[in-house]
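# The following comprises the amino acid sequence and a computationally predicted model.
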2 protein chains.
Amino acid sequence: MTSQPVTGERRRDADRTRAEILDVAQREFARRGYAGARVDEIAEMTRTTKRMIYYYFGSKEKLYIAVLEQAYSVVRAAERDLDVAHLAPVEAIRTLAELTFDHHDAHRDFIKLVAIENIHEAEHIRKSQALANLGTPVLGVIERILEAGKASGDFDTEADAVDVHMMISAFCFFRVSNQHTFGALFGRDMTAPEHRERLRRMVGEMTVAYLRGCHRP
Amino acid sequence: MTSQPVTGERRRDADRTRAEILDVAQREFARRGYAGARVDEIAEMTRTTKRMIYYYFGSKEKLYIAVLEQAYSVVRAAERDLDVAHLAPVEAIRTLAELTFDHHDAHRDFIKLVAIENIHEAEHIRKSQALANLGTPVLGVIERILEAGKASGDFDTEADAVDVHMMISAFCFFRVSNQHTFGALFGRDMTAPEHRERLRRMVGEMTVAYLRGCHRP
DNA sequence: TATGACTAACTCACTAGTTCGTACATAAGT
DNA sequence: ACTTATGTACGAACTAGTGAGTTAGTCATA
């Protein structure tokens, strides 16, 4: 046993220090953007100093990339846990859309980071070996649902898995990412509790209606 | 007659100087974000000096707000020119969706500015008397289409105009705003010419299918 | 139409305060 | 003893904003 009590924290703990820096940095980058975030401020919000940020991450940019990698890894883990294989195509895709909605609802910081990264035209993601061209498990899930749905006659569409993923993501992402300008201009907070259930149903219904191909007479 | 030739430009021209600063600033803010944009750099890209930016706009923030106001006024002008009143409900909403698609496709800088403003939780829009709570003409257009469609029996939906506007905007906005991260992760550029027509049809079909209410057995 | 007073538009040089990053010293744990 | 982790203090480059003076264009009046 070390000199530290069981309930206390060790004075030097590389893992904890690194993790704490990452968490604080995520909040700060999500809040202020890459250029707007301040390394000194991130340091102040941790129990350590700025020197440690440079010790562990080397530079502001590398810290930011590490934040992105961690954020994406959380999302991918959630996607791997998706289980809709036992459902019939219509219910499977509806459920997938609603779970995507829930996930976006619960991970606001992640959405902000992605929005920020798009302003920078994904230059940091492209610099990350861990992220570039990595894809995501959902694509496979959607592909299987689409095939099953077409085979059963439930679906009639020319769209592929990437298209459908985009359609669902667009709705769920936009509702959160654009809540502030949308709210300021139209006086409706799309993320408010009183709209949540209706909009959640809406993604599911939208996706199902589209895949059934019931546009045109 | 003044000392200047008719076709030439005046050496001192407040309107032109102001307009040039605004245009350059729009590009720069859209490119780098609010914090990332540099007043000195904006000045260098104009035919005038930084001192003039402060002379006309007072501060970096006021310049940014002026840029936002100009960008939104362009959008609103386009929305006022919308003409779908002569179309039957189904064709009207499909056309509206496709025109929204075209508009987003053509105004990339505007989309970036809106994304940036959302990262700042719309604090600048709220500071602008010209923008806060101004709404948009499309809402009225959508409202009329929805009423007509319900009356004719073409539409069966609980969604209101704001919901429908959000659904269409989400698709069109996301395709452009998230093109870079989406492209980096899935290897597909949603804004590339080979996807344009298919995705354009997709917004229209998605909206029509949803409003017809053909989800559920 | 020439003149001179007046003001809006403009230039230049500067500063106070940040901000990322690092050199150097030191303590903890093995 | 020796490596890993941590803290302090500082500096070079940048960045928003300004003080003070200058020029171009306008307009009333002789």
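Noted; the coordinates are in hand.
# where exactly do the helices run in chain A?
A:14-36, A:39-45, A:50-57, A:60-80, A:89-106, A:108-119, A:123-127, A:137-152, A:161-177, A:179-186, A:193-212 (DSSP state H).
# Next up, the contacts around A:R80.
By Cβ atoms under 8 Å, 6 or more residues apart in numbering or on different chains, the contact set of A:R80 is A:P137. For glycine as for every other residue, the C-beta is placed from the backbone atoms N, C-alpha and C.
# swap in A:A14?
With Cβ under 8 Å, 6+ apart, A:A14 has these contacts: A:Y56.
# do you know how far it is from A:E20?
11 Å (Cβ to Cβ, to the nearest Å).
# again, but for A:L113
18 Å.
# quick one, which of the two is more surrounded?
A:L113 (25 against 16; other Cβ atoms under 10 Å in any protein chain shown).
# Does the more buried one touch A:A30 like I think?
Yes: the pair A:L113 and A:A30 qualifies as a contact (Cβ atoms under 8 Å) at a distance of 5.4 Å.
# Would you check how far apart A:T191 and DNA strand C are?
Computed as Cβ to the nearest atom of the strand, to the nearest Å, the A:T191 to DNA strand C distance reads 29 Å.
# right, and that residue touches A:R175 too?
Yes: A:T191 is in contact with A:R175 according to Cβ under 8 Å; the separation is 6.6 Å.
# Out of those two, name the residue with the larger neighbour count.
Higher neighbour count among A:T191 and A:R175: A:R175, with 25 against 17, using other Cβ under 10 Å.
# Which residues are in contact with the closest residue to that one other than its chain neighbours?
Counting by Cβ to Cβ, 6 or more residues apart in numbering or on different chains, A:R175 lies nearest to A:M190, which is 4.7 Å off, once chain neighbours are set aside. The contact partners of A:M190, by Cβ under 8 Å, 6+ apart, come to A:175-176, A:178-179, A:182-183, A:199, B:166.
# Dump the residues you listed into JSON lines; add distance to DNA strand C as well.
Formatted as JSON lines, the contacts of A:M190 follow (distance: Cβ to the nearest atom of the strand, whole Å):
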{"residue": "A:R175", "distance to DNA strand C": "31"}
{"residue": "A:V176", "distance to DNA strand C": "26"}
{"residue": "A:N178", "distance to DNA strand C": "27"}
{"residue": "A:Q179", "distance to DNA strand C": "27"}
{"residue": "A:F182", "distance to DNA strand C": "29"}
{"residue": "A:G183", "distance to DNA strand C": "28"}
{"residue": "A:L199", "distance to DNA strand C": "37"}
{"residue": "B:M166", "distance to DNA strand C": "35"}
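# Would you convert the residues you listed into a markdown table that also reports pLDDT?
Output for the contacts of A:M190, formatted as a markdown table (pLDDT from 0 to 100):
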| residue | pLDDT |
| --- | --- |
| A:R175 | 98 |
| A:V176 | 98 |
| A:N178 | 98 |
| A:Q179 | 98 |
| A:F182 | 97 |
| A:G183 | 96 |
| A:L199 | 98 |
| B:M166 | 98 |
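# Could you export these to TSV, including columns for distance to B:Y55?
Formatted as TSV, the contacts of A:M190 follow (distance: Cβ to Cβ, whole Å):
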residue	distance to B:Y55
A:R175	41
A:V176	40
A:N178	34
A:Q179	36
A:F182	35
A:G183	34
A:L199	46
B:M166	41
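# All set, thanks.
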